[in-house]
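Asks: sequence-free structure coming up:
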């Protein structure tokens, strides 16, 4: 048997295996192998194709890594036009749409029309054509008649099948919406900012910009996803009788279809679905801007027909606008506990996305320059994901003649220390350290918080008062406060002063992970603190850890590792840690865990989320016990989560787990697990 024969057989085997695991991971959220094993298969495929170029085919998974850059996009004419949708905004618009359909289809008023209702994603519409089961070309909507050829870029989207299974129509065009999930969008923008590149305004712009890259290797590195919502050209005339059957068949062929779509009966059911999705909207991990209703029966769709640019049998029911305009009254800066100088726009209050917004962070100097925002400007305010307000643009035509560019401060507004910059001047910090009152206050507020040292009764106002009166200048000073000093503070009586002193005393005995988190090491959150505590076991071992030793730990990269090393090489930080020890702050030293030991624990590899109220123990205790058994306990649900424990009144995390088809168990199961 020749080398080429062996290579051909192995190549076919690798293609089948990689496609199988890609479908499990990206379409069904049910991975069976690790990312490391998947990458090894892909690397073997790339090596084989480099050695035997004749094995390379258009449907090879290697095409997902991107091709050579294009000089420009060519154009593709859609065989069937890609129409847009008519919009409705009020309940009455939907009722009129339903009544109009009854007349156009020729139905009696008593006939109930069955609709398919699904979220309207805020992304970019694309068309993908398969010939004999192989992805042949893909295009943007364009003007509805002609779109841009984005074939190579679409091939890099992991959830898009490159080849369809046996039984697929000979010619099949699918249409869908390319989008970016919120977590991926945040990670992309963070990477853009850290490398000094332009950040994206919202996930839709990020998805559109990523899909229109002339270099598909850039697109391959972007976290794009897709939901397929219909077909265009289809050589199988008997493919389906209803729209819902069409989507079921597409899902069976390996296409990702929105899991939230529903078949509903009548206009009132449409409106109820709209209200239900409106309530869930803030908990979704992607942005939607409305609901789409489509007549389910395809023969009724054909009877209803089309107007010039839209089908009569479909309607987009838009959510209320999430953008409003207002005026910038001032721009100032806030100083965080690590000294980060964050500019904030003070706005004329505006009601947007269900809340009144008066303050919006401008992130850094680069964002101010990008927006060219000035005091007095009229700006567009948007609530990203209905949660975080942001300024997405400036109305330059309305700019007053008195508006001048903003001068970023060269000295800290709190302590007067020099402002220094990092990351090509993007990140600005106060150089005052613990001499800066703002940093002292924020570090103490973090130290006493519930997830840190949990000093009950030590609120922000009390911290402010202690710092202002000179009673506390570092977190260690909390442990030499006297009853008399606390009693002298405004608002304290004997009982409340005694309670606070008792809470401070109680906090002296803590856990190593809590103390690490409380110290406020830059970018060391709860999960990282847990990992460091488990690996090193005690403060002295962590103090002497090298950057290489830290980077060897899972999920700790060079930036976090450097922050940890720098923190423990700072004389003032070491002095505070020594004072904490001298003043009685202690923790139980645990045996340091080696990675090979952790791998042998019964829950190794499990990624667990706790939500809701647990009756038998607190979530903190449950988390600690699960970690002792090798599980990784995180605060948010993702497709990588293996188990969600839902206690009483479990909310959005349980809902998201159900949406992602993540296993959900109750407290009884948790007790069995811990036993």
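Replies: Yep, that arrived. For clarity, every value in this text was computed on a predicted model and none was experimentally measured.

Asks: contacts and neighbour counts: CA atoms only from here.
Replies: OK.

Asks: Residue 562 and residue 341: what is the separation?
Replies: Separation of residue 562 from residue 341 (C-alpha to C-alpha, to the nearest Å): 20 Å.

Asks: between those two, who's got more neighbours?
Replies: Under the neighbour definition other C-alpha atoms under 10 Å, residue 562 and residue 341 were set side by side, and residue 341 has more, 26 against 17.

Asks: if I've got this straight, that one is in a helix?
Replies: No. Going by DSSP: H, G, I helix; E, B strand; the rest coil, the assignment for residue 341 is strand, not a helix.

Asks: That one contacts residue 362, doesn't it?
Replies: No. Contact status for residue 341 versus residue 362: not in contact, 10.6 Å apart, counting by C-alpha atoms under 8 Å.

Asks: Tell me if I'm right that residue 60 and residue 161 touch.
Replies: No. Contact between residue 60 and residue 161 fails when scored by C-alpha under 8 Å: they sit 10.4 Å apart.

Asks: C-terminal to the host helix or strand of residue 135, which secondary structure element comes first?
Replies: Remark: residue 135 resides in strand 134-140, with elements defined by DSSP states H and E. Reading on from strand 134-140 to the C-terminus, the next helix or strand found by DSSP H and E is strand 146-148.

Asks: Show me what that next one pairs with in its sheet, parallel or antiparallel.
Replies: Partners of strand 146-148 in the sheet, by DSSP bridges, are strand 75-77 (antiparallel).

Asks: Check which helices and strands the host helix or strand of residue 187 sits against.
Replies: Secondary structure assignment for residue 187, by DSSP H and E: helix 182-194. Secondary structure elements in contact with helix 182-194, counted by 3 or more C-alpha pairs under 8 Å, 6 or more residues apart in numbering; DSSP states H and E, are helix 203-211.

Asks: Pull out the buried positions in the helix it packs on.
Replies: Taking 16 or more other C-alpha atoms under 10 Å as the basis for neighbour counts, the residues of helix 203-211 that come out buried are 203-208, 210-211.

Asks: so how far is the strand holding residue 135 from its chain's centroid?
Replies: 28 Å (C-alpha atoms, centre = their mean, to the nearest Å).

Asks: And it, what does it pack against?
Replies: Counting by 3+ C-alpha pairs under 8 Å, 6+ apart, the packing neighbours recorded for strand 134-140 are strand 124-131, strand 146-148, helix 151-155.

Asks: pretty sure residue 46 is in contact with residue 57, am I right?
Replies: No. In this structure residue 46 lies outside contact range of residue 57 using C-alpha under 8 Å: 12.0 Å.

Asks: neighbour count winner among the two?
Replies: Taking other C-alpha under 10 Å, residue 46 and residue 57 do not tie; residue 46 has more neighbours (20 against 12).

Asks: wait, what's in contact with the more buried one?
Replies: For residue 46, the contacting residues are residue 62, taking C-alpha atoms under 8 Å, 6 or more residues apart in numbering as the criterion.

Asks: could you say which helix or strand contains it?
Replies: Residue 46 is located in helix 35-51, with elements delineated by DSSP H and E.

Asks: Give me the number of neighbouring residues for the closest residue to residue 543 other than its chain neighbours.
Replies: Nearest residue to residue 543 in three dimensions, chain neighbours excluded: residue 568, at 5.6 Å (C-alpha to C-alpha, 6 or more residues apart in numbering). Neighbours of residue 568 under the rule other C-alpha under 10 Å: 19.

Asks: Residue 540 is in contact with residue 568, correct?
Replies: No. Contact status for residue 568 versus residue 540: not in contact, 10.0 Å apart, counting by C-alpha under 8 Å.

Asks: At the geometric centre of the protein, which residue sits there?
Replies: Note on the chain: the residue nearest the mean C-alpha position is residue 183, at 1.3 Å, using C-alpha atoms, centre = their mean.

Asks: Need the per-residue pLDDT for the nearest residue to it once chain neighbours are set aside.
Replies: Nearest in space to residue 183, with sequence neighbours left out and distances taken as C-alpha to C-alpha, 6+ apart, is residue 285 at 7.1 Å. Among the per-residue scores, residue 285 shows a pLDDT of 87.
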